[in-house]
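In: Take this sequence and fold it.
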Amino acid sequence: MPEYTIILFWDDEASVWIAESQDLPGLILESESFDSLVEKVKEAVPELLEICGTDHTQIKLHFKAERLAVVA
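Out: Here you go, the predicted structure:
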């Protein structure tokens with residue numbers, strides 16, 4: 001079963017979470033909610049793989065989140 005790493009990071013300027021993956025070129029999604037973004041990724045990855053001609057019945061997605069906070 002293939003596994004893909006998805007990096008989720010917070011864009012403070014745009015106030016959105018962004019998802020990207022080096023494993024899946026072309027995957028760039030955003031959402032104001034972390035949970036909503038995870039759901040968007042789960043829907044988009046199988047579609048992206050199908051477009052690329054890769055068909056998998058089961059896929060593992062490894063989510064890694066990053067968020068920088070500056071504290072006074």
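
In: what number of residues lie near the closest residue to residue 3 other than its chain neighbours?
Out: In space, residue 3 comes closest to residue 60 once its chain neighbours are excluded; the distance is 3.9 Å by Cβ to Cβ, 6 or more residues apart in numbering. C-beta coordinates here come from the backbone N, C-alpha and C atoms, glycine included. The tally of other residues near residue 60 (other Cβ atoms under 10 Å) stands at 10.

In: OK, contacts around residue 60?
Out: Neighbour list for residue 60: 1, 2, 3, 4 [criterion: Cβ atoms under 8 Å, 6 or more residues apart in numbering].

In: I figured the first one hits residue 58, correct?
Out: Yes: with contacts counted by Cβ atoms under 8 Å, residue 1 reaches residue 58, the gap being 5.0 Å.

In: quick one: secondary structure of residue 45?
Out: Classification of residue 45 using DSSP: H, G, I helix; E, B strand; the rest coil returns helix.

In: Can you give me the distance of it to residue 13?
Out: Using Cβ to Cβ, to the nearest Å, one gets 26 Å for the distance from residue 45 to residue 13.

In: between those two, which one's more packed in?
Out: With neighbours defined as other Cβ under 10 Å, residue 45 and residue 13 compare such that residue 45 has more, 21 against 6.

In: so that one touches residue 29, yeah?
Out: No: proximity of residue 45 to residue 29 does not meet the contact threshold set by Cβ under 8 Å, at 9.8 Å.
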